[in-house]
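>>> here is the input, now give the coordinates:
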Amino acid sequence: MNPIVNLILFSILGLAMLLLSVFAITTKSLLRSATYLLLVLICTAGIYLFLNYHFLAAVQVSVYAGGVVILFVFAIFLTTKKDEALLPHEKKRYLYAALMILFGTGVTFFMLWKSKFLFSNNTVVFGDEQLSMQLIGQTLMGTEKYQYLLPFEVLSVMLLACIIGGILIARKDKEL
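The predicted model follows:
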């Protein structure tokens, strides 16, 4: 594919993710927020497809867009009352959020300025080859440098803690 077409597709997906992320944070309805998160995760799968990572795109849709968002929706239904809206935030929180956005944008632009990856001769960017499932499996379940078994296990414990916390919150409301 032409590098300009790649850049345009990436920009469209990135802009969609950015707008949907802002909508997910600023909406007053928790269910709409979860829906916008679902769309952000689908856009992330689109970026994986764009980079020719078919397996990661399938995992993104099935695990995150399918499983985690459904878990969030169940937690929302368990912990909120019908037609409950989010409370407005204090003005100080908007200031802190704006400062963090500026900091994150600055770090991102600094990394883009220092990197020369956009039009490099990377065969994955141009879609000429695909990572093998064996390499992905070894990377995800390996314990060496640049392998992800420990973060994977930490994430599973964190998700278990979130499920238990949601159940405890839902139970506490029923006892009152």
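>>> so where's the chain uncertain?
1, 82-87, 89, 116-131, 172-176 (pLDDT under 70).
>>> domain map for the protein?
3-94+123-128, 132-176 (automatic domain parsing).
>>> which one of those domains lies closest to F110?
Across these, F110 has its closest neighbour in domain 3-94+123-128 (17.3 Å, Cβ to Cβ). In short, each C-beta sits where N, CA and C put it, glycine included.
>>> what ranges does the chain have for its helices?
Secondary structure of the chain by DSSP state H: the helices cover 3-26, 30-50, 54-59, 69-79, 91-114, 133-141, 149-175.
>>> elements contacting the longest one?
Using 3 or more Cβ pairs under 8 Å, 6 or more residues apart in numbering; DSSP states H and E as the contact definition, the elements that helix 149-175 packs against are helix 69-79, helix 133-141.
>>> buried set for that helix?
Buried residues in helix 149-175, defined by neighbour count with 16 or more other Cβ atoms under 10 Å: G166.
>>> I'd like the distance from it to the chain centre, please.
18 Å (Cα atoms, centre = their mean, to the nearest Å).
>>> can you check the third one too?
Here the centre of mass of C-alpha atoms in helix 54-59, compared against the chain's by Cα atoms, centre = their mean, lies 14 Å away.
>>> any idea how far the most centrally placed residue in the chain lies from A65?
Closest to where the C-alpha atoms of the chain average out (Cα atoms, centre = their mean) is L41, at 5.4 Å. Note on L41: its distance to A65, by Cβ to Cβ, to the nearest Å, is 4 Å.
>>> still on that earlier bit, right, so the domains of the chain: which one is the most enclosed?
Of all the domains of the chain, domain 3-94+123-128 carries the top mean neighbour count, a mean of 15, counting by mean count of other Cβ atoms under 10 Å.
>>> just how off-centre is it within its chain?
Centre-to-centre, domain 3-94+123-128 and its host chain are 6 Å apart (Cα atoms, centre = their mean).
>>> thinking again about what came up before, can I get the domains of the chain in JSON lines including distance to F109?
Output for the domains of the chain, formatted as JSON lines (distance: least, Cβ to Cβ, whole Å):
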{"stretch": "domain 3-94+123-128", "distance to F109": "13"}
{"stretch": "domain 132-176", "distance to F109": "25"}
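>>> and these: which comes nearest V107?
Closest to V107 of the domains of the chain, according to Cβ to Cβ: domain 3-94+123-128, at 15.5 Å.
>>> figure out which of the helices and strands packed on helix 149-175 is closest to F55.
Across the helices and strands packed on helix 149-175, F55 has its closest neighbour in helix 133-141 (5.8 Å, Cβ to Cβ).
>>> who are the packing partners of the closest one?
helix 54-59, helix 149-175.
>>> looking at those, which is nearest to L112?
helix 54-59 (22.2 Å).
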